[in-house]
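**Q** Make a model of this:
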Amino acid sequence: MELSRRLNFTCRMMYLTENWYEQLMANKSLVDIIIGGFHLTYQRSTIYDYLYPYFIDQTSIMTITHNKPRYNADQLLNPFDTYTWWAILFFLFLLPLWSIIISHFDPNSSKSILDSCSIWLYILLKQNVLNRLKHESRPTIIVSTTWIFATFLLTTIYGDYLLSMISIPHVYNINSLRRLSRHCQQDDMIVLIENNTTTMSIMMADDSLFAPIVAQLQIVDHQNEAISLLIHEQRYGSKGKKYAFIQHRTMLKMIQRNYDNFNQFYVAKADSKASIYMGLTCFLFKSKFPYLKQFNRFTFYIFSSGIYQSWLNNELRHTTRMDKTLDYYNDEKQLD
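**A** I've put the predicted structure just below:
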């Protein structure tokens, strides 16, 4: 409505409910253009013939910023993934087996099987068995040297990572869906999602990763409600519930920038670990939209003149006023 007043054109707004796709398919002639944060899917692309993509966006996670550092002493196995640990266990089994085979096929060897296996314990624990290796066969010396080098390399890398994790304090923020899922499994987090959005539809799909998140899901009617809950968590700390808001990352970054304290909210990085999906954000037109060239100039004017940013600023200022009013009401209620 504000754009129509500034640019002198008439518009008629239609509120799209949850079954908006079926409404548009049944009444294509009623809607000339769809404007907004509209992520493209195959089903949606079949509605209208012309698409106007203006940027690629993805979802992300926003939480309050935790300024209190913590030590990660509980993450002793994180420097290596599961496949590395399986490889280490495999070679711990393979190398003693190699000694047993060599001892079995060497008729001149008088060593027992236990004595043949003990060399690998020396290598693993002492990493200095040169005197012992002088009496071994050449294949065993080659394999032992390789194992000594690999063991030294792995223990050095693991020690460096482990020292940095345990000794350096880290500000713990939720930066991935898996970390968010672990918090939900521990009943430690409530996930906020705006109603009637693509994000909500995808989260409701049958996915094992989303199952703990869906169990702690809370639907909000507007993003202002989600921001209010996050601010409430920051003010009351551990006394209240913890919240995470999943929304388009572009919108989350604008929310973050428009609050007085830039570090008040934490938005996860733009990567696939924290994103539910990535796609084009588009305007959709009817098949024979007569003002396509004019609309191109119109959209350029919207983004270059700052009207779109001004609208976002007004929305966020309205949210801030609502939060202050709610806090004042709660304080008055406590005094009574």
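**Q** Counting neighbours, what do you get for Arg235?
**A** If you count neighbours by other CB atoms under 10 Å, Arg235 ends up with 12. (Glycine included, C-beta is placed from N, CA and C.)
**Q** Name the SS class of it, please.
**A** The three-state label given to Arg235 by DSSP: H, G, I helix; E, B strand; the rest coil is helix.
**Q** distance of it from Gln58?
**A** Distance, Arg235 to Gln58, by CB to CB, to the nearest Å: 30 Å.
**Q** Could you do Arg297 as well?
**A** The value you get for Arg297 to Gln58, if CB to CB is used, is 28 Å.
**Q** got it, and Asp187?
**A** Using CB to CB, we find Asp187 at a distance of 28 Å from Gln58.
**Q** So between the two, which is more surrounded?
**A** Higher neighbour count among Asp187 and Gln58: Gln58, with 18 against 10, using other CB under 10 Å.
**Q** nearest spatial neighbour of that one, skipping sequence neighbours?
**A** What sits nearest to Gln58 in space, not counting adjacent residues and going by CB to CB, 6 or more residues apart in numbering, is Met278, at 3.8 Å.
**Q** give the contact list for the one you found.
**A** The contact partners of Met278, by CB atoms under 8 Å, 6 or more residues apart in numbering, come to 56-59, 272.
**Q** Adding pLDDT, write the residues you listed out as JSON lines.
**A** Formatted as JSON lines, these follow (pLDDT from 0 to 100):
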{"residue": "Ile56", "pLDDT": "69"}
{"residue": "Asp57", "pLDDT": "75"}
{"residue": "Gln58", "pLDDT": "80"}
{"residue": "Thr59", "pLDDT": "83"}
{"residue": "Ser272", "pLDDT": "75"}
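**Q** okay if I get those residues as TSV plus secondary structure and distance to Val191?
**A** TSV is the format used below for the contacts of Met278 (DSSP: H, G, I helix; E, B strand; the rest coil; distance: CB to CB, whole Å):
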residue	secondary structure	distance to Val191
Ile56	strand	24
Asp57	strand	19
Gln58	strand	17
Thr59	strand	12
Ser272	helix	18
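**Q** Out of these, who's the most crowded?
**A** Most neighbours among these, by other CB under 10 Å: Thr59, with 25 neighbours.
**Q** From Ile219, how far off is that residue?
**A** Counting by CB to CB, the gap from Thr59 to Ile219 is 16 Å.
**Q** repeat for Lys293
**A** From Lys293 to Ile219 the distance is 40 Å (CB to CB).
**Q** Same check on Met62?
**A** Taking CB to CB, one finds Met62 at 16 Å from Ile219.
**Q** for the record, mean pLDDT for the host helix or strand of Ala244?
**A** In the assignment (DSSP states H and E), Ala244 maps to strand 243-248. Averaged over strand 243-248, pLDDT sits at 88.
**Q** Report the helix or strand with the lowest average pLDDT across the chain.
**A** One helix or strand of the chain scores below all others by mean pLDDT, DSSP states H and E: helix 113-125, with a mean of 55.
**Q** who touches Ile64 in this structure?
**A** By CB under 8 Å, 6+ apart, the neighbours of Ile64 are 230-231, 233-234, 243, 264-266.
**Q** beta partners of it?
**A** Counting by DSSP bridges, Ile64 is bridged to Phe265.
**Q** what's the average pLDDT for the helix or strand hosting Phe93?
**A** Phe93 belongs to helix 82-105 when assigned by DSSP H and E. The pLDDT scores in helix 82-105 average 69.
**Q** and what of stretch 277-296?
**A** Per-residue scores along stretch 277-296 average to 67.
**Q** now do stretch 176-188
**A** Stretch 176-188 shows a mean pLDDT of 85.
**Q** May I see the buried residues of that stretch?
**A** Buried residues in stretch 176-188, counted by 16 or more other CB atoms under 10 Å: 176-177, 179-181, 183-184.
**Q** Now the two most distant members of those residues.
**A** The largest distance within the buried residues of stretch 176-188, taken as CB to CB, falls between Ser176 and Cys184 and amounts to 12.7 Å.
**Q** still on that earlier bit, closest one of the contacts of Met278 to His66?
**A** Distances from His66 to the contacts of Met278, taken as CB to CB, are shortest for Thr59 (21.3 Å).
**Q** which residues does the closest one contact?
**A** So Thr59 contacts 199, 246-249, 274-278 (CB under 8 Å, 6+ apart).
**Q** Many thanks, have a good one.
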